[in-house]
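**Student:** below is the sequence, then the predicted model.
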Amino acid sequence: MLFATAPCFSCLAPVRRAPYNRNVSRPVTQSPLVPQIVTGQFAESPSYSVWRPHGTKDYLLILTVDGGGRFGHVGGDVPAAPGDLVIVLPGTPHDYATARGAAVWQIVWAHFLPRPEWNEWIAAIPEAAPGIVRLQLGAEGVSCDAVQAALEAMNTYANGGGLRGTAFAMNALEAALLHADAANPATANRVRFDERVLLAMERLGGARLADTASLSELADAVCLSPSRLSHLFKAQTGFTPAQFQERERLRRARELLTLTNRSIGAIAEEVGFASPFYFSLRFKKHTGQSP
């Protein structure tokens, strides 16, 4: 999943709809230090606001439980009503607050670094504005109770001081994202992959991302002939196995470039490229930018 870093609002020409002050003199909210997950559950007052003009290196999830909030962007605001699950992607300027006229904004939130398999679920959430996705769980009778319960458990685990609290919190957040994905209307339109294709995808990504396997070796592992695997894989993913693995390597590389301070050489080696030079060539071809 590729992210475009949104520009600082203070560097842009004024927009017609600007109900909140976004000039450079506004106090900047400090970003939390996020080793893996930081959470909270608050009932914010009408004066609550956050301003991070350069965003953060982590993901920010906010579920509105009661009242209302809003997330500012260059073209206006994304409202947040009860049942709205909003995720702000890395590098996106944070300009959010209690909605004008609302007495309270009750939220459960998490700054987190996602597990690799979560990216598909986050990517399926409808984009409300550049760098901001929103799933309206309260709309059309879709309940958000399971999502809220999982997020409240996440917050309890993260801040309870118990043994393996962070691990339990991450598992609870994963449960919340799974419940949200199951409620996401876009989920029903996804391709249902053949189990053998899914297994091949797993062997080409995740912990084995840096491994280089031939088509024959991959076909043997999933009990198909190379030609049958190639046909099924291309039909269901739109990519050949080699193209899929390169795409996954570049996706992971972009995450590491965004979220860590590792060198280009170290990242190239970790994701399976033979040299930093070749990695840079492929990265620029796919993204239009050098690493």
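**Tutor:** In hand now; what should we look at? These numbers come from a predicted model, not from an experiment.
**Student:** what about the helices in the stretch 101-250 of the chain?
**Tutor:** Using DSSP state H, counting those that start in this stretch, the helices found in the stretch 101-250 of the chain span residues 118-123, 145-159, 165-183, 195-204, 215-221, 226-237, 241-259.
**Student:** which of the ones you listed sits closest to Ser45?
**Tutor:** Among the helices of the stretch 101-250 of the chain, the nearest to Ser45 by Cβ to Cβ is helix 145-159 (19.5 Å). In short, each C-beta sits where N, CA and C put it, glycine included.
**Student:** could you list every helix and strand in contact with that closest one?
**Tutor:** Packing partners of helix 145-159 (3 or more Cβ pairs under 8 Å, 6 or more residues apart in numbering; DSSP states H and E): strand 37-44, strand 59-67, strand 105-112, helix 165-183.
**Student:** for those, which one sits closest to Phe277?
**Tutor:** Short answer: strand 59-67, nearest of these by Cβ to Cβ, at 31.1 Å.
**Student:** check which helices and strands the helix or strand just after that closest one sits against.
**Tutor:** For strand 59-67, the succeeding helix or strand toward the C-terminus, using DSSP states H and E, is strand 69-73. Judged by 3+ Cβ pairs under 8 Å, 6+ apart, the packing partners of strand 69-73 are strand 76-80, strand 94-98, strand 127-129.
**Student:** at 10 Å instead, please
**Tutor:** In terms of contacts (3 or more Cβ pairs under 10 Å, 6 or more residues apart in numbering; DSSP states H and E), strand 69-73 is packed against strand 49-52, strand 59-67, strand 76-80, strand 84-88, strand 94-98, strand 105-112, strand 127-129, strand 132-136.
**Student:** closest to Phe168 out of those?
**Tutor:** strand 105-112 (13.2 Å).
**Student:** contact partners for Pro32?
**Tutor:** Contact analysis of Pro32 by Cβ atoms under 10 Å, 6 or more residues apart in numbering lists 38-40, 56, 58, 60, 111.
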